[in-house]
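Enquirer: would you be able to build a 3D model of this:
(one chain, ligands or ions: 1)
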Amino acid sequence: MTDPQVEPAPTRALPLVIAPPRGRQKPPRHLADLSAEERAAAAAELGEPAFRVKQVAHHYFGRLERDPANMTDLPAKNRDAIASALLPKLLDPVRTMEADQGTTRKTLWRLFDGALVESVLMRYPERATICVSSQAGCAMACPFCATGQGGLQRNMSTAEIIDQVVDGASAMANGLVPGGPGRLSNVVFMGMGEPMANYKAVIGAIRRMVAPAPDGLGMSARNITLSTVGLVPRIKQLTDEGIPVTLAVSLHAPDDELRDELVPINTHFKVAETVEAAWEYAKKSKRRVSIEYAMMRDINDQAWRADLLGDVLNAYGDWNWVHVNLIPLNPTDSGPMLNGQVFTRSRSDDMREFVRRLEAKGISTTIRDTRGDEINAACGQLAATE
Ligand code: SAH
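Expert: Alright, predicted model coming up:
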């Protein structure tokens, strides 16, 4: 995030429409970016029969294979040309760091234009999750989040998003994570960026994840979590999309006064309309929504705020439509302050009391485990500082 070319970090006044910087080259076109018609056109451009693209798709999505040398059903003399046209290298690993006995792996990737993003693969006994980035940097400027401090560099393409998932799936399949070969089951959009501010590419990526092979990765939509600051018009658009992904809304405060500070987009979309949009999503998708709430000592963790959060959520829904996920605040280097107070993690007692108050109001609540803490791979710590 130190590239002098990048736009300066936005101040608190956020534009409603966050356009990517103009006049830049786009990431190379990749199979994962193509619609069915575009695939046919790509085959024609290469002078290959249409089924050739299907063969490549079978390798990439079905077998998680990206090395043309192993695609022996492609004609040997054209293999490299086909692969470089359809599977250009999008993510160049700069560094991999491990924690939790190797079951948490963070990778720093360099994109074609030098932009840096990170993804984190986490293996648990019963599942494996990849946390992906959707933008290089982020324009949302939440003061407690490491990524938010550097501003937005650019949106990522569908294929740049998908390739992080394919990489994680292939690491699992090839037994690179302790525990033997396994399957990547979950994707969370909780890496760098605000996925709803890169809506088209993110939805394209989700469609590829859920499409059965060879058109996609054949993952279950319910195992994909889209986490957002709450761009209300985009939540509504997602509701109409009809893809039953899990929606997570980063609320962090139940009152506008504090949320305006913690999640600056709240100056445009207030708590009530954000929670209402989340409820509409739950109602239509029949999927329980997650409310993310980073626990910050003496800032948003007072017992009265737990009660208020309970009331704000209980204003909607006649079923158990919402789940609160408390995230013990992860330290970031930037150490920004709010009203003279440094952001630190809540005391355990305060967290327990917060849970108790919410549960007393009938709201299921959990405290998230903080994987990858020591390699700065936990929530909100992803900031490519090379
Ligand atoms: N832009 C999306 C994804 C961000 S990362 C969003 O805001 O939802 C996923 C979660 O981590 C968000 O809830 C985010 O608010 C939270 N987060 C950010 N910084 C954090 C920190 N320092 N400690 C704990 N959680 C943090």
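
Enquirer: list phi and psi for the residue nearest the centre of the chain.
Expert: In the chain, the centroid-proximal residue (CA atoms, centre = their mean) is residue 189; its distance is 1.5 Å. Dihedral pair for residue 189: phi -90, psi 70, per degrees, to the nearest 10.

Enquirer: would you confirm that residue 381 belongs to a helix?
Expert: No - assignment of residue 381 by DSSP: H, G, I helix; E, B strand; the rest coil gives coil, placing it outside any helix.

Enquirer: ok, residue 345 - how many residues close by?
Expert: Neighbouring residues of residue 345 were enumerated by other CB atoms under 10 Å; the total is 18. Yep, even glycine has a C-beta here, placed from its N, CA and C like the rest.

Enquirer: with the one 4 residues further on instead?
Expert: When neighbours are defined as other CB under 10 Å, residue 349 has 8 of them.

Enquirer: helix or strand for it, which one?
Expert: In the assignment (DSSP states H and E), residue 349 maps to helix 348-360.

Enquirer: counting by contacts, list what that helix packs against.
Expert: Applying 3 or more CB pairs under 8 Å, 6 or more residues apart in numbering; DSSP states H and E, one finds that helix 348-360 contacts strand 289-295, helix 303-314, strand 322-328, strand 364-367.

Enquirer: would you mark the buried spots in it?
Expert: In terms of neighbour count (16 or more other CB atoms under 10 Å), helix 348-360 has its buried residues at 350, 351, 353, 354, 355, 357, 358.

Enquirer: report the angle between it and strand 322-328.
Expert: 180 degrees (axes from the mean of the first three to the mean of the last three CA atoms, to 10 degrees).

Enquirer: helix 348-360 relative to helix 303-314, how many degrees between them?
Expert: Using the same axes, to 10 degrees: helix 348-360 against helix 303-314 is 30 degrees.

Enquirer: quick one: contacts of helix 348-360?
Expert: 295, 297, 301-303, 305-307, 309-310, 324, 326, 328, 346, 365-367 (CB atoms under 8 Å, 6 or more residues apart in numbering).

Enquirer: on that earlier part again, nearest spatial neighbour of the residue nearest to the centre of the chain, skipping sequence neighbours?
Expert: residue 195 (4.3 Å; CB to CB, 6 or more residues apart in numbering).

Enquirer: that neighbour and the ligand: what is the separation?
Expert: Separation of residue 195 from the ligand (CB to the nearest ligand atom, to the nearest Å): 6 Å.

Enquirer: how about that residue, what does it touch?
Expert: Residues counted as contacts of residue 195 (CB under 8 Å, 6+ apart) are 134, 135, 189, 202, 226, 227, 228.

Enquirer: a markdown table for those residues, including secondary structure, distance to residue 65 and pLDDT?
Expert: Shown next, in a markdown table, are the contacts of residue 195 (DSSP: H, G, I helix; E, B strand; the rest coil; distance: CB to CB, whole Å; pLDDT from 0 to 100):
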| residue | secondary structure | distance to residue 65 | pLDDT |
| --- | --- | --- | --- |
| 134 | coil | 25 | 98 |
| 135 | strand | 28 | 97 |
| 189 | strand | 25 | 98 |
| 202 | helix | 25 | 98 |
| 226 | strand | 28 | 98 |
| 227 | strand | 30 | 98 |
| 228 | strand | 33 | 98 |
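
Enquirer: of the residues you listed, which ones also sit close to the ligand?
Expert: The residues of the contacts of residue 195 that also fall near the ligand, by CB under 6 Å from any ligand atom, are 227, 228.

Enquirer: thinking again about what came up before, out of the helices and strands packed on helix 348-360, which is the most enclosed?
Expert: The highest mean neighbour count among the helices and strands packed on helix 348-360, using mean count of other CB atoms under 10 Å, belongs to strand 289-295: a mean of 24.

Enquirer: and that strand, what other elements does it pack with?
Expert: If contacts are counted by 3+ CB pairs under 8 Å, 6+ apart, strand 289-295 sits against strand 224-228, strand 246-250, helix 271-285, helix 303-314, strand 322-328, helix 348-360.

Enquirer: for the closest residue to residue 265 other than its chain neighbours, give its distance to the ligand.
Expert: Distance criterion CB to CB, 6+ apart; nearest residue to residue 265, sequence neighbours excluded, is residue 229 at 5.0 Å. Separation of residue 229 from the ligand (CB to the nearest ligand atom) stands at 4 Å.
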